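1. Mind folding the following:
(2 chains)
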Amino acid sequence: MSIRRYLLLGAIGLFAICTTPHRSIAQTAGSNAVVIATTQVPRHFNGAVQSGLATAMPSSQIFASPLRYDDKWNPQPYLAQSWDVAPNGLSVTLHLVKNAVFHDGQPVTSEDVAFSIMAIKANHPFQTMLAAVENVDTPDPSTAVIRLSHPSPSLLLAMSPALMPILPKHVYGDGQDLKAHPANLKPIGSGPFKLTEYKQGEYYTLEKFDKFFMAGRPKLDKIVVRIVSDPNAALVSMERGDANILPFVAGVRDIDRLQKAANVFVTDKGFAGVGPLNWLAFNTRKKPLDDVRVRQAIAYAANREFIVGKLMSGKAAPATGPIAPGSPLEEKAVETYKADYAKAAELLDATGHPKSADGSRFSLTIDYIPGADEQQRNIAEYLRSQLKRVGINLEVRAAPDFPTWAQRVSNYDFDLTMDTVFNWGDPVIGVNRTYLSSNIRKGIIWSNTQQYSNPKVDELLQAAAVETSPEKRKELYSEFQKIVVKDVPIYFINATPYYNAFSKGLGGLPTSIWGMMSPLDEVHWEIPPKT
Amino acid sequence: MTTIETSTPLAVESSSPPVRPSASPGRVAFRQFLRSPSGVCGACLLILIVLGTAIGPVVYPVDPLDLVGGPFTAPSADAWLGTDYLGRDVLAGLIYGGRASLAVGAVAALITIAIGLTVGALSGFFGGAIDAALVKITEFFQILPPLLFAMVLVTLFGQKLTTITLAIGAVSWTSAARLTRAEFMRLRNLDFVKASRAAGAGDAYLILRVLLPNALPPVIVSATLAIGVAILFEGGLSFLGLGDPNTMSWGLMLGQNRNYVLDAWWAVIFPGAAIFLAVLSISLVGDGVNDAINPRLRRRM
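-> Alright, predicted model coming up:
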């Protein structure tokens, strides 16, 4: 190949980075409609067997659930117009609305609720979520009684749209494997919108369900979700008004840019339920990291304030413990490891790792999830220069793709790694998995890959999972957080700065704890867009 | 350069205008090189760049991986060329990154030429079944898209500077091999080769001492250009996120900073310009060398 051709390629490359791609997302949706642009590609639409933002957003539109939540963690009636928790905590009775029907016209009954709960227990990746459920009784078509083996205060949160879609038994109960059911791609639910079209990897269309059981809703006629693989293109389409909603924006620069756009409203509300945490994890069984003082020293050298304030321009909330900021269970009064290099050096000296002549003590590696530069790679690189200050040589190990990283971390082939893990509302659903010693499961990513084991922590988490008094439960979790922060199996850095962007003129925005993973039945145009 | 002395048959063939008999072919070529303005410009530029990366760390002792200030500091008295998205010094990055980039270029070019010469020489000298087999292998490597193939290699064997260098060498030797093969095939039936063989020279002697020196001139030109190609290649790999995160290089700077080009143009423009100038100078030098040592061209002048 000639040198000139390479020069030409180089010039084209330079040109490409200096110009921003413009791909228009045509507004073909009609007047009382919104276009959502997203980079998330759903594998299918059935949130009963699939976790993650990509499926939860459409699944929450298509399927209704027993309860929904406001922006202050209060359960609201949805398919269940009321509910009672037995005084001993061993059963929950749901009184269903009587006028709810599925998109195919069949009524929603307690049979469907019972079927769905057992299907989710059997198939959903969050195995701890419904672990307490033994069975569901259906005394009459509008009453479902969930029987529990032990009290389960997290159950009410697990009845959210994102986690407990109610499936029609007459469609999904035909004995086929639910994870590969054909109806996962042609879903039938009882939610405010029905799926009318899906072009794999390009777009899907949700249309108003006329017989939705809540009067006067949904307010929109149509939602078109455009899947845009290039985040920059999604951003531009939002700025141009081709798209009206851009969910799950995580880039600090992108957020900045959208905040400056005249026609766009940006909010970080709507992610309290997800509770996304960005952290530095330690392999606590590998020398020298098996010594808690070494981990504490690294925590003192990391300087969270700089990461959040400078590297993330203050767009992210600092996180100091295992329960995400915004959760009512978060304990703020924990050790914060404010940057203190002298203390870090002292701790390292005490562990028998004196500085050698060239100023170094020992070497470690750090991994990071590929593809998430701002939240992962940049911090790994930053930590390399930070730890050098206290005599630790940090080598950044790049992984070419996600499976490679997951393989290394889940098989304990790492020293330090950056990681992002979601709380999913209640500690039982998304927090326990990271700290329970019973969840040290080799080969499984986002289990206790730190191999952290503290009997007291196990005890506290098990007690809190069945504690029905909210005050006592909060106390147990508070103690748990203090211990974990002191043991440093993980150095907590920040809540991942997720934002949603909306066109100005839209009302009824989804700012509840589940945000875009809750029904968009109240969204409407206050000032219709100019076309 | 003394090895070229064996090319007397050719030198005699092309000795008009007459050259003083005392002048060695190396000196002739050098004098010829000085006559090419673009070659001289390129050489001067290249010397400047190499000197900058060689003595730069002495004059400007800043670790390119250390944070020297806040992120996105514009060029100023504190950081002459500004800082990048973490607060690392761009000038220090250019100096140390230049070492890595030039080293990758040079070593990858050496690998390219080493493999290319070996395969091409065996293929062109022996012909027949050996030639057919080696040509098939060469063609196999030639039809693989080089950048994609290099990406696969780096992905498989890890994002280290050594792996990247080897990968670049492994994907770009085919043109050198074809060039060498063609030269060998052309030369092997010429009279001076037949004479050597008649005088009892063995295969190894013929390849190394008789044919190789005469086949070298075009390969040297191709080697020079291969350095530039390898530097661009490293830039391309880093640009696609396959650089070595522990070693600063121009390509890595370009690749990592491109997301922030609207916030900090200096962190993209300067390494980009460095790559451009380095590759341009190498290309000019290559052209100059070509003019200087290509006998057929010299006859025209």
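2. Need the contact partners of stretch A:327-343.
-> A:73, A:272, A:275, A:296-297, A:299-306, A:320-321, A:323-324, A:389-390, A:423, A:425, A:427, A:473-474, A:477-478, A:481-482, A:485-486, A:491 (Cβ atoms under 8 Å, 6 or more residues apart in numbering or on different chains). To be clear about C-beta, it is placed using only N, CA and C from the backbone, and glycine gets the same treatment.
3. before we move on, what about stretch A:116-128?
-> A:48-51, A:129-131, A:133, A:135-136, A:144, A:146, A:163-167, A:169, A:172, A:178-179, A:424, A:428-430, A:432-433.
4. that older thread, just the buried members of the contacts of stretch A:327-343?
-> Taking 16 or more other Cβ atoms under 10 Å in any protein chain shown as the criterion, what is buried in the contacts of stretch A:327-343 is A:73, A:272, A:275, A:296-297, A:299-304, A:306, A:320-321, A:323-324, A:389-390, A:423, A:425, A:427, A:473-474, A:477-478, A:481, A:485, A:491.
5. when you check chain B, which of the residues you listed turn up near it?
-> With Cβ under 8 Å from any Cβ of the partner chain as the criterion, the buried ones among the contacts of stretch A:327-343 include none near chain B.
6. Which members of the residues you listed occur in helices, if any?
-> A:296-297, A:299-302, A:304, A:306, A:427, A:473-474, A:477-478, A:481, A:485 (DSSP state H).
7. Out of these, the closest to chain B would be?
-> Taking Cβ to the nearest Cβ as the measure, chain B lies nearest residue A:306 of those, at 8.7 Å.
8. secondary structure element for the nearest residue to the closest one once chain neighbours are set aside?
-> Spatial nearest neighbour of residue A:306, chain neighbours left out: residue A:339 (7.3 Å); criterion: Cβ to Cβ, 6 or more residues apart in numbering or on different chains. Under the criterion of DSSP states H and E, residue A:339 resides outside all helices and strands.
9. ok, residue A:339 to residue A:309 distance?
-> 11 Å (Cβ to Cβ, to the nearest Å).
10. Which entries within the contacts of stretch A:116-128 meet the buried criterion?
-> If we count by 16+ other Cβ under 10 Å, the contacts of stretch A:116-128 have these buried: A:48-51, A:129-130, A:133, A:136, A:144, A:146, A:163-167, A:169, A:172, A:178-179, A:424, A:428-430, A:432-433.
11. For the residue nearest to residue A:306, what are phi and psi?
-> phi -50, psi 120 (degrees, to the nearest 10).
12. is any part of the longest helix along chain B close to chain A?
-> Of all the segments of type helix in chain B, defined by DSSP H, the longest one is helix B:90-126. No - using Cβ under 8 Å from any Cβ, helix B:90-126 stays clear of chain A, coming no nearer than 12.0 Å.
13. what about the helices in the stretch 251-400 of chain A?
-> Listed in chain order, the helices of the stretch 251-400 of chain A (DSSP state H, counting those that start in this stretch) span A:252-260, A:292-302, A:304-306, A:341-350, A:378-388.
14. Make a markdown table out of these and add mean pLDDT.
-> Output for the helices of the stretch 251-400 of chain A, formatted as a markdown table (pLDDT from 0 to 100):
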| stretch | mean pLDDT |
| --- | --- |
| helix A:252-260 | 90 |
| helix A:292-302 | 97 |
| helix A:304-306 | 95 |
| helix A:341-350 | 96 |
| helix A:378-388 | 94 |
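15. Quick one: closest of the ones you listed to residue A:501.
-> Distance to residue A:501, taken as Cβ to Cβ, is lowest for helix A:252-260 among the helices of the stretch 251-400 of chain A, at 4.8 Å.
16. Run through the residues that contact the residue of the stretch 401-531 of chain A found nearest chain B.
-> Nearest residue of the stretch 401-531 of chain A to chain B: residue A:401, at 7.7 Å (Cβ to the nearest Cβ). For residue A:401, the contact set (Cβ under 8 Å, 6+ apart) comprises A:370, B:155.
17. Name the residues of the longest helix of chain B that are buried.
-> B:90-113, B:115-125.
18. Quick check: the gap between the residue nearest to residue A:306 and residue A:390.
-> From residue A:339 over to residue A:390 (counting by Cβ to Cβ), the distance is 11 Å.
19. Need the residues touching each of these two.
-> residue A:301.
20. Run the chain-centre distance for stretch A:175-194.
-> Taking Cα atoms, centre = their mean, to the nearest Å, one finds stretch A:175-194 lying 22 Å from the centre of the chain it belongs to.
21. residues from the stretch 401-531 of chain A in reach of chain B?
-> Residues of the stretch 401-531 of chain A lying close to chain B (Cβ under 8 Å from any Cβ) are residue A:401.
22. could you pull out the strands for the stretch 401-531 of chain A?
-> Using DSSP state E, counting those that start in this stretch, the strands of the stretch 401-531 of chain A run over A:416-422, A:490-495, A:499-503, A:506-507, A:524-525.
23. Contacts for the fourth one next, please.
-> Yep, that's strand A:506-507 we're talking about. A:34, A:244, A:245, A:265, A:522, A:523, A:524, A:525, A:526.
24. Using PyMOL, define a selection of the buried residues within the residues you listed.
-> Typed into PyMOL, the line below selects the buried ones among these, using 16+ other Cβ under 10 Å:
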select buried, chain A and resi 34+244+245+522+523+524+525
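25. Widest-spaced pair of the contacts of strand A:506-507?
-> Going by Cβ to Cβ, the pair spanning those furthest: A:265 and A:522, at 15.7 Å.
26. Please state the offset of the longest helix of chain B from the chain centre?
-> 5 Å.
27. immediately after it, which helix or strand?
-> Sequence-wise, the next helix or strand downstream of helix B:90-126 (DSSP H and E) is helix B:128-143.
28. Summarise which helices and strands the helix or strand that that following helix is followed by is packed against.
-> Next along the chain after helix B:128-143, taking DSSP H and E as the criterion, comes helix B:146-157. Here helix B:146-157 touches helix B:161-171, helix B:212-239, going by 3 or more Cβ pairs under 8 Å, 6 or more residues apart in numbering or on different chains; DSSP states H and E.
29. Show me the contact partners of the first one.
-> Right, helix B:161-171. By Cβ under 8 Å, 6+ apart, the list of residues contacting helix B:161-171 from outside reads B:100, B:103-104, B:107-112, B:115, B:141, B:144, B:146-147, B:149-150, B:153-154, B:157, B:230, B:233-234, B:237, B:242-244, B:247, B:249.
30. Check stretch A:413-422 too.
-> A:274-283, A:286, A:289, A:298, A:364-369, A:372, A:375-377, A:379-380, A:383, A:394, A:397, A:405, A:407-409, A:430, A:434, A:446, A:496.
31. and with 7 Å instead?
-> The contact list for stretch A:413-422 (Cβ atoms under 7 Å, 6 or more residues apart in numbering or on different chains) reads A:274-283, A:286, A:289, A:364-369, A:372, A:375-376, A:379-380, A:408-409, A:430, A:434, A:446, A:496.
32. Right, I'll call it a day here.
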